[in-house]
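Undergrad: predicted model and sequence follow; I will ask about them next.
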Amino acid sequence: SFLKETLRTGAIFERFKAVDQAKGVFRSSAPHYISQDSDQKMDDAAVNDLVTKGINIIISSNHVQLTVDEQKKLTDKGISY
């Protein structure tokens with residue numbers, strides 16, 4: 001099942017893959033997603049993973065917005081949300 005697969009892989013961003021790699025467009029789950037939108041957690045590990053991947057803009061369709069503190073973590077690393 002999806003849930004078992006998610007728990008098994010332990011990835012911060014599940015199903016991270018290129019939509020248009022030439023343009024630097026990627027898609028993934030929310031950080032630390034398990035089974036519902038409110039699972040997301042933009043912690044230091046998630047932010048650092050984005051930085052390592054060269055991500056500098058996030059467009060989210062999650063109906064649960066990141067907290068002000070989570071958004072600041074992104075901004076502090078040069079990532080627009």
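TA: Here it is on my side, so go on.

Undergrad: what about Leu66, how many residues nearby?
TA: When counting by other Cβ atoms under 10 Å, one arrives at 19 neighbours for Leu66. Where C-beta positions appear, they are placed from N, C-alpha and C, glycine not excepted.

Undergrad: next, it: phi, psi?
TA: phi -60, psi 150 (degrees, to the nearest 10).

Undergrad: so what's it closest to, chain neighbours aside?
TA: Once flanking residues are discounted, Leu66 sits nearest to Met42: 5.3 Å by Cβ to Cβ, 6 or more residues apart in numbering.

Undergrad: residues in contact with the one you found?
TA: Contacts for Met42 (Cβ atoms under 8 Å, 6 or more residues apart in numbering) come out as 31, 66-67, 70-71, 73-74.

Undergrad: rerun that using 6 Å as the cut-off
TA: By Cβ atoms under 6 Å, 6 or more residues apart in numbering, the contact set of Met42 is 31, 66, 70.

Undergrad: so which bits of stretch 27-46 are buried?
TA: By neighbour count on 16 or more other Cβ atoms under 10 Å, the buried set for stretch 27-46 is 28-33, 40, 42, 46.
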